[in-house]
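> pasting a predicted model and its sequence here:
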Amino acid sequence: MVILLVTARVPYLPCTDGYRLIPANLIRRLSSKHEIHLVSFTVNDGSDEDIEFAEKYCRSVSLIPISAHVQIRPNLACRLSPRWRRARLSPGNRDARRVVQKVLHARRYDVIHVESLHAATYFVGACGDVPTLLACHDCQSWRKRQLLSVKGPMVEKLRVWRQWRATRRLERYLLPRVSSTVVVAERDAEILVADNPGVDMHVIHNGVDCEYFQPPAQRICRPTVIFTGNMAYFPNVRTAVTLGRSIFPRIRHAIPDAELLIVGASPEPQVTALGEMDGVTVTGFVNDMRDYLSRAAVYVCPMWIGTGIKNKLLEAMAMGLPVVSTPEACSGLAVADGENVLLATSEDEFVEQTVALLGDYARGDRIGGSGRALVEGEYSWDVAIRRYEELLLSLESGGMLDHGLRGGNG
């Protein structure tokens, strides 16, 4: 099978960015059996992109430079606005569309796999009769809708409302124009199908590399809690601030030598400021997340906005860490409260559950071990990529997998 893989960002491993992580695992695991040609969008000339990983597995790698002010990214949702149409026709983006046409006419592809809504805007309608799979990860309009419930200035709510409206229009425009769509969680699929009747929708869970993320041979028994993620992403920023300002001081009051690790790239100023508090370390970017996960006793995720599947939780569970999380953050995972995760619905419950785990490492090991077993059985990349391959092969042959959702029916 000859696959054209289109990504919003150049994929490589190791990484924590979902828009690189899924396609990187696709090319690593499918290239031995299929011929993969990669097209990735990049800002400016792409000279700072790491393409060595992609070149190792792909038959060809093409970079499409686009203007920075219309770069493809999940939080830029005004794709159907007049302003975006004008930007799209600017000289730099006309060049990008010419590269797209050149790639599409270079050879015959059996199937086209496009990662992200906004990468799809350059390809949908230009692929002819080649079956196209759109992987949009989650329901982005639902994520924007959840952000509207967050307390904040009215001007910020207006901005988010405009993004929600534009993202919903974009989903409604693109989904009926591709052969099939895939998301990582059932709830996202249900919302998208309800809003886009008749689309062929599939759910393929995110994976985690269970060989790379292994529990340490011997975990250090220290009262350390951890939260990870891109600290420029608003839901992560809000979660880190809530954890650092409201939850952790109460944990430290109960356990005076408790420590908090906030680990992730590009921390916003309000996150960086948490590092001035007693017992709190804000790392910024780290080369290897495992070094920090192995130092912690509990992973804490007080995130009240939930779409898709949180890779951060899969990685913590794969490392054998007990996780205390909101139900929203776990909404895409088949977890059982008290067995492989502890769920908390308030700050009081987060304090209570975390303090209890820090006082009973044996219980933490049992919950962490059950979480690891869940990840190995349901959320490994081997399982996820096998399902992607089945779907791509069915599209190539003109068939349709039975487990697709259409018009709201499973």
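Yep, it's here. Numbering: from 1, shown residues only.
> low-confidence ranges in the stretch 301-410 of the chain?
Confidence mapping of the stretch 301-410 of the chain against pLDDT under 70 gives the ranges 306-308, 399-410.
> show me where pLDDT drops low in the stretch 101-250 of the chain?
Along the stretch 101-250 of the chain, the model assigns pLDDT under 70 to residues 151.
> could you pull out the strands in the stretch 251-400 of the chain for me?
259-263, 280-282, 298-301, 323-325, 342-343 (DSSP state E, counting those that start in this stretch).
> double-check that Arg20 belongs to a helix.
Yes: membership of Arg20 in a helix is supported by DSSP: H, G, I helix; E, B strand; the rest coil.
> could you find the closest non-adjacent residue to it?
Of all residues not flanking Arg20 in the chain, Pro11 sits nearest, at 4.6 Å (C-beta to C-beta, 6 or more residues apart in numbering). Using the backbone N, CA and C atoms, a C-beta is placed for each residue, glycine as well.
> what does Ile66 give?
Sequence neighbours aside, Ala96 is the residue nearest to Ile66 in space, at 4.9 Å (criterion: C-beta to C-beta, 6+ apart).
> now for Asp50, how many residues are close by?
11 (other C-beta atoms under 10 Å).
> got it, and Asn206?
In terms of burial, Asn206 registers 23 neighbours under the definition other C-beta under 10 Å.
> try His205
Each residue near His205 was counted by other C-beta under 10 Å, and the total is 21.
> so it makes contact with Trp381?
No: here His205 does not reach Trp381: they are 10.2 Å apart, not a contact under C-beta atoms under 8 Å.
> which elements pack onto the helix or strand hosting Arg238?
Assigned by DSSP states H and E, Arg238 belongs to helix 234-242. Where contact means 3 or more C-beta pairs under 8 Å, 6 or more residues apart in numbering; DSSP states H and E, helix 234-242 is packed against helix 269-272.
> in the helix it packs on, which residues are buried?
Val271 (16 or more other C-beta atoms under 10 Å).
> ok, residues contacting that helix?
Around helix 269-272, the neighbours that count as contacts under C-beta atoms under 8 Å, 6 or more residues apart in numbering are Met231, Val237, Ala240, Val241, Gly244, Ile262, Val282.
> let's see it at 7 Å
Met231, Val237, Ala240, Val241, Ile262, Val282 (C-beta atoms under 7 Å, 6 or more residues apart in numbering).
> restrict that helix to CA atoms and write it as CSV.
Once non-C-alpha atoms are left out, helix 269-272 reads as follows in CSV (Å, rounded to 0.1, in the frame of the first residue of the first chain):
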residue,chain,number,x,y,z
PRO,A,269,4.9,33.3,33.6
GLN,A,270,2.2,32.3,36.1
VAL,A,271,3.5,28.7,35.9
THR,A,272,7.2,29.8,36.3
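> so for that helix, mean pLDDT?
Per-region confidence: helix 269-272 scores 96 on mean pLDDT.
> where is the longest strand in the protein?
The strand spanning the most residues in the chain, taking DSSP state E as the definition, is strand 35-43.
> is Glu347 in contact with Phe248, as I believe?
No: checked against C-beta atoms under 7 Å, the pair Glu347 and Phe248 is beyond contact range at 10.4 Å.
> between these two, who's got more neighbours?
Set side by side, Glu347 and Phe248 show unequal neighbour counts under other C-beta under 10 Å, the larger going to Phe248 at 26 against 14.
> ok, the more buried one to Gln353 distance?
When distance is defined by C-beta to C-beta, to the nearest Å, Phe248 is 13 Å away from Gln353.
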